[in-house]
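> Just need the structure, nothing else, for what follows:
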Amino acid sequence: MKMNLQTRILGSAAACCVLGLAVPQRSSAVVSDEDFNALKNLVQQLQQGRQQDQQQIQQLQQQLGETQSLATNAVEKADAVAAAQSAPVRNALHNFTMVGDAEVQYGKTFGNGTHNGFQLADFAPIFLLRANDSVLFEAGFDITLQNGLASYSATTPNGNTFGYSHDSGSSTSVSMSFGQLDYIINDYIMLCAGDVLLPLGTYSERGAGWLNKIPDSPLGREFLPGSGIGAMLRGAAPVGESGQSVSYSVFAVNGPSSVDGSANSVTMDGLPNLDLGGNVGVLNSGSTGNLHSSPSFGGRVAWFFPWAAHQDLELGVSGQTGVWDDSGDHYYSAAVLDAALHLGPNFELKGEYINSWFGTTDAGTVRPWAVWAQAGYKLAAFNLDLPLINNVELMGRFDSENDGLGTSIDRYTAGYVYYISNTLLFEGDYEFIHSTGPNAQPPNMLMLQISYGF
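Sure, this is the predicted structure:
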């Protein structure tokens, strides 16, 4: 730009010389109006060009200052992030949260003469703590209201004893569903230890509580332990680049035990003797001790295959085996096949086949089994201009079981979920039950439930 200005000045001087040479000598002292105006215009153009050059210089200087300021801020921010990442975690409470669910349930049975009414008030919090990027802790509890027990007995002067026992008032039961420490070893494997949720099928981890969408659990889950004291390795690995993956779990836990210490199929009062959740390593005396001679082992492997958004299939197989009686002579084993299918955001189909067997002294090998399938379809798929209808999901379930001790049940369930919000659900179903055997259930049942997940 400086050379541009010089060039214009030299050009003006040359023009003046030419004008001077072109004018005759006799009139050199006289300048015409045309020449004066031409020279005036030339000077004005030179002044305007100089002003434009100065404005461009000022703009460039301003842009340079802004660029330097941005670069300085970026360096300061990068230094602050690096300092925050390198600083040790002083307090993990900001990584603590509580999730879970709560339910209130009303039930009415038909055909057995029992009283009906509100039969469940349950609060199930889950506490989650993330100590750092690798260490996590989670624990779940069930806090349930139930009728209390009042009893009275007296002896008459002639030695006769009389009394009564009746539910009275209320009491609260608190139980820990699971409590486990998780350590992330790398992207593909995690170590879990404590009272771990057992991956026998998927219901315990993904379908319990308000996630079930039907007020009661499917048949057959009572044949499987929900958790166990021990340790587990689990993880997943991608298969190719299409979104497929394979997940796995391997665990060793105390395993089931017997209620009375014998290897009989039932106790003296006729209750099932197999205790799926009572072997926690602490005896009634307060001392530590296992209820049988060796732990129980098991695991699960599953394949997940998505082919479009909200469209996927998962297939899994899992199992567990180990001794269950005090003498260590009899084994409990279980195998589960599970499947889940999603066809878009509005349709889901899932189910399990459960097969278990355990040896006894009095009844040989007892073989409980069950199967269940559950489907849900959201009416929002019709895209109707009806808000109440769009908030409804229709539910259906078939489940069947045989406890291996003479009782069999076939159940057909039709129900709905009304989504008051994404986490507040009003559920209802009617169950048609066909049951035979010593533990037969009433023929039909109506259930309504308010569920809230948080």
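> Name every strand pairing with the host helix or strand of A124 and say which way it goes.
A124 belongs to strand 117-130 when assigned by DSSP states H and E. Within its sheet, strand 117-130 is paired with strand 96-110 (antiparallel), strand 135-155 (antiparallel), according to DSSP bridges.
> Least reliable of those strands by average pLDDT, please.
Comparing mean pLDDT across the strands paired with strand 117-130, the weakest is strand 135-155, with a mean of 82.
> Could you list the residues in contact with it?
With contacts defined as Cβ atoms under 8 Å, 6 or more residues apart in numbering, strand 135-155 is touched by 100, 120-131, 161-184. C-betas here are computed from N, CA, C, even on glycine.
> Swap in 6 Å and give it another go.
The contact list for strand 135-155 (Cβ atoms under 6 Å, 6 or more residues apart in numbering) reads 121-130, 161, 163-179, 181-183.
> ditto for stretch 176-193
By Cβ under 6 Å, 6+ apart, the residues outside stretch 176-193 that reach it are 134-137, 139-142, 194-197, 227, 231-235, 237.
> Just the buried ones among those residues, please.
For these, a burial check counting by 16 or more other Cβ atoms under 10 Å picks out 136-137, 139-142, 194-197, 227, 231-232, 234-235.
> coming back round to it: quick check: which of the strands paired with strand 117-130 is buried the most?
Mean neighbours per residue, mean count of other Cβ atoms under 10 Å, is largest over the strands paired with strand 117-130 for strand 96-110, with a mean of 16.
> Kindly format the C-alpha coordinates of that strand as CSV.
Output in CSV follows, covering the C-alpha atoms of strand 96-110 (Å, rounded to 0.1, in the frame of the first residue of the first chain):
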residue,chain,number,x,y,z
PHE,A,96,-23.4,-40.1,44.6
THR,A,97,-27.0,-40.6,43.5
MET,A,98,-30.1,-42.5,44.5
VAL,A,99,-32.4,-44.2,42.0
GLY,A,100,-35.1,-46.9,42.3
ASP,A,101,-38.8,-47.2,42.3
ALA,A,102,-41.9,-47.3,44.5
GLU,A,103,-45.2,-49.1,44.1
VAL,A,104,-48.7,-49.1,45.6
GLN,A,105,-50.8,-52.1,44.5
TYR,A,106,-54.5,-53.1,44.8
GLY,A,107,-55.5,-56.7,44.2
LYS,A,108,-58.8,-58.6,44.0
THR,A,109,-58.9,-62.3,43.7
PHE,A,110,-61.9,-64.3,42.6
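> Show residues contacting it.
116, 118-129, 209-210, 215, 442, 444-453.
> what is G179 paired to in the beta sheet?
A139, D195.
> can you start the count at 787 instead of 1 from here on
In the new numbering, first residue 787, that becomes G965.
> That one and G1067, how far apart?
For G965, the distance to G1067 equals 13 Å [Cβ to Cβ, to the nearest Å].
> who's in contact with K1164?
For K1164, the contacting residues are 1132, 1179, by Cβ under 6 Å, 6+ apart.
> again with the one 5 residues further on
Contacts were defined as Cβ under 6 Å, 6+ apart; by that measure N1169 touches no other residue.
> for L1211, same thing?
1203, 1237.
> Does it lie in a helix or a strand, and which?
Counting by DSSP H and E, L1211 is part of strand 1210-1222.
> Neighbouring strands - and their directions - for that strand?
Paired neighbours of strand 1210-1222 in the sheet (DSSP bridges): strand 1194-1205 (antiparallel), strand 1230-1239 (antiparallel).
> okay, the ones you listed in JSON lines with mean neighbour count, mean pLDDT and distance to A1125 next?
Converted to JSON lines, these look like this (neighbours: other Cβ atoms under 10 Å; pLDDT from 0 to 100; distance: least, Cβ to Cβ, whole Å):
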{"stretch": "strand 1194-1205", "mean neighbour count": "17", "mean pLDDT": "97", "distance to A1125": "19"}
{"stretch": "strand 1230-1239", "mean neighbour count": "18", "mean pLDDT": "94", "distance to A1125": "24"}
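> In TSV: these, plus distance to W1110.
Shown next, in TSV, are the strands paired with strand 1210-1222 (distance: least, Cβ to Cβ, whole Å):
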stretch	distance to W1110
strand 1194-1205	23
strand 1230-1239	32
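> for these, which one sits closest to L1172?
strand 1194-1205 (12.9 Å; Cβ to Cβ).
> Report the distance from that closest one to the chain centre.
24 Å (Cα atoms, centre = their mean, to the nearest Å).
> Pull the most distant pair out of the buried ones among the contacts of stretch 962-979.
Greatest spatial distance among these (Cβ to Cβ): D928 and G1021, at 28.2 Å.
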